[in-house]
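Novice: my questions are about this predicted structure, shown below with the sequence.
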Amino acid sequence: MLPAALRLSATTQITATLRAGRRHASPYFVLHVVKTNDSNAKFAFAVNKKVGNSVVRHRITRQLREVVQHNLSLVPVGSHIVIRALPSIRQASFAQLGQAFSETIGKVN
RNA sequence: CGAGUCGGCCGGGUAAUCGCGGCAGGUCAAACUGUCGAGGAAAGUCCGGACUCCAUAGGGCAAGAGUGGUGGAUAACAUCCACCUGGGGUGACCCACGGGAAAGUGCAACAGAAAGUAAACCGCCGAGCAAUCGGUAAGGGUGAAACGGUGAGGUAAGAGCUCACCAGCGCAUGUGGUGACACAAGCGGCUAGGUAAACCCCACUCGGAGCAAGACCAAGAGUGACCUUCGGGUCCAGUGCAGGUGACGGCCCGUCAUAUACCUGCGGGUAGGUUGCAAGAGGUCGUUGGUAACAGCGAUCGCAGAUGGAUGAUUACCGUUAGUUUCGGCUAACACAGAAUCCGGCUUAUAGGCCGGCUCGCCAC
RNA sequence: GGUCGAUUGGCGCAGUUGGUUAGCGCGCUUCCUUGACAUGGAAGAGGUCACAGGUUCGAGUCCUGUAUCGACCA
């Protein structure tokens, strides 16, 4: 779990981000990004049932969270970001995930 | 030593760095410190309970659902233990939704003469010139299933028609057992088929809904407000309007109500907080009773509580397995699976490993 | 988290006290009709009744478990 300030929790904000946000794709996940005037960047994770069973989905969200935590300096302030995992993420290692995230977040800027 | 059978347990470990959630301390608030943080199935939601609301879940009838050998355990159960009966195995042991088919109804396709109280297709025997008629359930054939088996007597041929033994059925008796039941000897008539996970009968049990139950707090009121690219969107949760009526899920009693209730229709509309919510039929050890399930007593332990949802990430070393090897190593993989109110079970998934009881076979002393 | 429902040819559906060979419509294939097509006509293929076990002589149907899909809750 991220610190509370970095979490997107309201359903309305998440659905708004998913619908209206710009999309940036990588082989393993899709970023939905909306820029706001908030002082923090905020994140939410969407891992579909097609990705795997409960154990697999939890491990993926934990790894993605860790990736976000390590690359927080690359993220523009005030962005609302929903990270939607794709089924191919099952084959990705932690290092591959970190590289994919830093590349994709570079496209946002 | 080999083969088998039953039961129990574990199901990666250690360290470092960086993180997350709860609780306690600390602080105005933070920072910070300490401590705890997934499973044997947390799963499926198939049973049973606790708890909450409906009246305290009330009394009776009807309907419906469930269970189904006996005795016990338990808060309760479809669970567990012991035993009985039937079946399998040399044996340890295993398997069984295991009441009633002489209370009644139904069903049995095709084949077959006939599918349940009757029946003669072939065959056999007798009568007759023959057609055919009569006797016959021993033999053939059909079928999942065809009205006891063996032997002797008997007969025109046969047949429980008669007899002996065996199997099976019914009745009452005795002995043992709490009981299911077992054993013994006796009498009876010689035959009663299958299906109840078909209806049904018998005995016993069951009110309904479920923690999104329920309680409290704040906010909110409508021919509403705001934004708009004119398509629509956003906000306020548990609401507004109209009509009807007593409600308690079928009926009677009974209880509570007379509109802040209930029902129907149309429209609007969204996922605030706190609590319920972590000491419980609790775990471990010892001891007593009991064949056992389990129960009593004593000591001791403090053991998850999230809400877009914590319990992790990375690295190093070790362990296990597989491949490879120049025997130093190297490479790859590490089961099933993630709490959501809580307990007792059942069922299903599960790489690999450990321990113990018992049985059979072989060898040695 | 809880409460329910469904699964039958490619698609949509029937299939009731369990019984001979599981049907219907659309679609598909071949042939006929036409100069050619549509329509029409004739013939045909296509099913492990989601999967596994049980009851029964016999299961799409009855019982139990598993899988997948879907709906509802304030």
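Specialist: Great, that's in hand.
Novice: who's the residue positioned nearest the centre of chain A bridged to?
Specialist: By C-alpha atoms, centre = their mean, chain A has its centre lying nearest to A:Ile83, at 2.7 Å. On the basis of DSSP bridges, A:Ile83 is bridged to A:Leu31, A:Phe45.
Novice: you'd agree it is up against A:Ala41?
Specialist: No. In this structure A:Ile83 lies outside contact range of A:Ala41 using C-beta atoms under 8 Å: 11.9 Å. For every residue, glycine as well, the C-beta is placed using N, CA and C.
Novice: and the helices in chain A?
Specialist: Applying DSSP state H to chain A gives helices spanning A:11-20, A:54-70, A:94-108.
Novice: tabulate those helices (JSON lines), appending mean pLDDT.
Specialist: JSON lines is the format used below for the helices of chain A (pLDDT from 0 to 100):
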{"stretch": "helix A:11-20", "mean pLDDT": "68"}
{"stretch": "helix A:54-70", "mean pLDDT": "84"}
{"stretch": "helix A:94-108", "mean pLDDT": "83"}
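Novice: look at the residue nearest to the centre of chain A and report its pLDDT.
Specialist: On the pLDDT scale, A:Ile83 is placed at 85.
Novice: do the same with the one 5 residues further on
Specialist: Confidence at A:Ser88, expressed as pLDDT, is 81.
Novice: next, the contact list for it, please.
Specialist: Residues in contact with A:Ser88, defined by C-beta atoms under 8 Å, 6 or more residues apart in numbering, are A:27-28.
Novice: return the distance of it relative to RNA strand B.
Specialist: 16 Å (C-beta to the nearest atom of the strand, to the nearest Å).
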